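>>> Fold the stuff below for me.
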Amino acid sequence: MKNKVLKKISAVVCAYNESRTIEICIQSLINQEIDKNFYEIIVIDDESDDLTGNIVKNLVKMNKGSDIKYYKIRHS
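A predicted model of the protein is given here:
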């Protein structure tokens, strides 16, 4: 018998200074009817200089049951 491979959907959110909209976006993704085991949320922050990063980090802490990853790009 073959092993079943579970596929996961990745929702990638690119953000730059989105403090006014990022929470609504992430909450919409969290509230999907799809089982949380079948999707992940990846937030790529393009070096925002507003509160975008803080908001996303707070959402990660508040939603431990969701697979949310936050990455901040650093430009040299």
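>>> C-alpha from now on. contacts and neighbour counts both.
Fine.
>>> Just the helices from the chain, written as ranges.
22-30, 52-62 (DSSP state H).
>>> Could you check the pLDDT of residue 12?
Predicted confidence (pLDDT) for residue 12: 98.
>>> Identify the residues contacting it.
41-44 (C-alpha atoms under 8 Å, 6 or more residues apart in numbering).
>>> Low-confidence ranges, the chain, go.
1-2, 5 (pLDDT under 70).
>>> Strands of that one, residue ranges please.
9-15, 39-45, 68-72 (DSSP state E).
>>> so who does residue 39 touch?
Residue 39 touches 8-11, 67, counting by C-alpha under 8 Å, 6+ apart.
>>> Could you export the residues you listed as JSON lines, including distance to residue 32 and neighbour count?
Listed next are the contacts of residue 39 as JSON lines, based on distance: C-alpha to C-alpha, whole Å; neighbours: other C-alpha atoms under 10 Å:
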{"residue": "8", "distance to residue 32": "14", "neighbour count": "11"}
{"residue": "9", "distance to residue 32": "12", "neighbour count": "12"}
{"residue": "10", "distance to residue 32": "13", "neighbour count": "13"}
{"residue": "11", "distance to residue 32": "11", "neighbour count": "14"}
{"residue": "67", "distance to residue 32": "13", "neighbour count": "16"}
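>>> of all those residues, which comes closest to residue 73?
Nearest to residue 73 among those: residue 11, at 17.6 Å, using C-alpha to C-alpha.
>>> That closest one - nearest residue in space that isn't next to it in sequence?
Nearest non-adjacent residue to residue 11, counting by C-alpha to C-alpha, 6 or more residues apart in numbering: residue 41, 4.9 Å away.
>>> That neighbour: neighbouring residues, count only.
Residues lying near residue 41 (other C-alpha atoms under 10 Å) number 20.
>>> doesn't residue 14 make contact with it?
No. Checked against C-alpha atoms under 8 Å, the pair residue 41 and residue 14 is beyond contact range at 10.8 Å.
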